[in-house]
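> fold the following for me, if possible:
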Amino acid sequence: MLHSAVINVMVKAARRAGRSLKRDLGEIEHLQVSLKGPANFVSLADKRAEEMLYDDLAKARPGYGFIGEEGGNREGADKSHTWIVDPLDGTTNFLHGIPQFAISIGLQREGTMIAGVIYNPANEELYLAERGKGAFLNDQRLRVAGRRKLNECVIACGLPHIGRGDHELSRLEMAEIQNKVAGLRRFGAAALDMAFVAAGRLDGHWERNLQPWDMAAGQIIVRESGGIVSGIAGDDDPLETGNLICGNEFVHAELVKILKPLGK
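Predicted coordinates for the structure are as follows:
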């Protein structure tokens, strides 16, 4: 399938960094049995993947800005374009050898997401979207699920862990939604949760305290598959608030109705 030059640049960069992560994943099993564990190894894998992505993207599009999880904000001469990159979304999964992680690359033009790529090298699933051109998984067109009854829906969420997030609010949110849905899931990689919503595998997803690189690519992929993406308030920008709800029009509205009052 033919894609634009910018999508080809993003895919090529994601695949190269993905090969490095896939090799590193193969080493995790051996490191699990050591007393020191694989944490330092994974930190290096993360940083190495980001540098590979930065090098490839900067070479192809000199001057674009770059925001990465590891390297922070790198200003470019071109102030209108910015790459927003997570070299390893789902680090804890990767750390434990769980093959649910991804490289996420979003391209923002003057504050608007115009392209996104999410790539899981463990299973070779490549999600991509470009503004106005639809969303795809390995060249198959994506559409969000069409369910309009919450009790038939499977919804993904984030769960705060030790030292992170509001645990009491999280329990309150889950208790409200558990009573209304067919199933709740926590997969541990927000970018892939959003990709799964775009693919119709999940009906919706909500999560708090995310970073822009967790959501940038997923935001355009969900929207180009016919879904709605916002913050918890329903009309706010998750890249600014750090809070996310996505799903088809019905599921998104229902989740906002349930979750918005709880966060006040």
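> which residue, other than its chain neighbours, is closest to residue 11?
Spatial nearest neighbour of residue 11, excluding adjacent residues (C-beta to C-beta, 6 or more residues apart in numbering): residue 117 at 5.9 Å. Backbone N, C-alpha and C define where each C-beta goes, glycine included.
> touching, the one you found and residue 15? I think so.
No: taking contacts as C-beta atoms under 8 Å, residue 117 lies outside contact range of residue 15: 9.6 Å.
> A helix includes residue 65, no?
No: the assignment for residue 65, made by DSSP: H, G, I helix; E, B strand; the rest coil, is strand rather than a helix.
> going forward, count from 18.
With 18 as the first residue, the last one maps to residue 82.
> check it and give its pLDDT.
We have a pLDDT of 96 for residue 82.
> and it, how many neighbours?
Neighbourhood size, residue 82 [other C-beta atoms under 10 Å]: 17.
> roughly how far apart are it and residue 125?
9 Å (C-beta to C-beta, to the nearest Å).
> do the same with residue 155
To residue 125, residue 155 is 25 Å away according to C-beta to C-beta.
> okay, these two: which has more neighbours?
Counted by other C-beta under 10 Å, residue 155 and residue 125 do not tie: residue 125 has more neighbours, with 23 against 10.
> gap between the more buried one and residue 60?
Applying C-beta to C-beta, the value for residue 125 to residue 60 is 27 Å.
> re the thing from before, common neighbours of residue 134 and residue 32, please.
Counting by C-beta atoms under 8 Å, 6 or more residues apart in numbering, the shared contacts of residue 134 and residue 32 are residue 143.
> what about the closest residue to residue 189 other than its chain neighbours, distance to residue 153?
Nearest residue to residue 189, sequence neighbours excluded (C-beta to C-beta, 6+ apart): residue 279, at 5.6 Å. The span separating residue 279 from residue 153 equals 35 Å under the rule C-beta to C-beta.
> tell me which of those two has more neighbours.
Between residue 279 and residue 153, counted using other C-beta under 10 Å, residue 153 has the larger neighbour count: 22 against 14.
> tell me what the more buried one is bridged to.
Beta bridges link residue 153 to residue 145, residue 158, judged by DSSP bridges.
> does it really touch residue 147, like I thought?
No: using C-beta under 8 Å as the test, residue 153 is too far from residue 147 to be in contact (9.4 Å).
> mind listing the strands for the stretch 18-167 of the chain?
Assigned by DSSP state E, counting those that start in this stretch, the stretch 18-167 of the chain shows strands spanning 81-85, 89-91, 95-106, 119-126, 129-137, 142-147, 152-154, 157-158.
> list the buried residues for stretch 35-49?
Neighbour-count burial for stretch 35-49, counted by 16 or more other C-beta atoms under 10 Å, picks out 35, 37, 38, 41, 42, 45, 48.
> least confident pick among these?
Where pLDDT dips furthest among the buried residues of stretch 35-49: residue 48, at 66.
> on that earlier part again, pLDDT value on the residue nearest to residue 28, please?
Residue 134 is given a pLDDT of 98.
> tell me how many other residues crowd residue 219.
Neighbours around residue 219, by other C-beta under 10 Å: 25.
> what do you get for residue 97?
Counted with other C-beta under 10 Å, residue 97 comes out at 12.
> gap between the residue sitting nearest the centre point of the chain and residue 234?
Per C-alpha atoms, centre = their mean, the C-alpha nearest to the average position across the chain is that of residue 208, at 1.4 Å. Between residue 208 and residue 234 the distance, using C-beta to C-beta, works out to 6 Å.
> please enumerate the shared neighbours of the two.
With C-beta under 8 Å, 6+ apart as the test, residue 208 and residue 234 both reach 121, 135.
> which secondary element of this protein has the worst mean pLDDT?
The least trusted helix or strand in the chain, going by mean pLDDT, DSSP states H and E, turns out to be strand 89-91, with a mean of 84.
> which residues does that strand contact?
Strand 89-91 is contacted by residues 71, 82, 83, 84, 85 when judged by C-beta under 8 Å, 6+ apart.
> adjacent strands (with direction) for that strand?
Sheet pairing of strand 89-91 (DSSP bridges) gives strand 81-85 (antiparallel).
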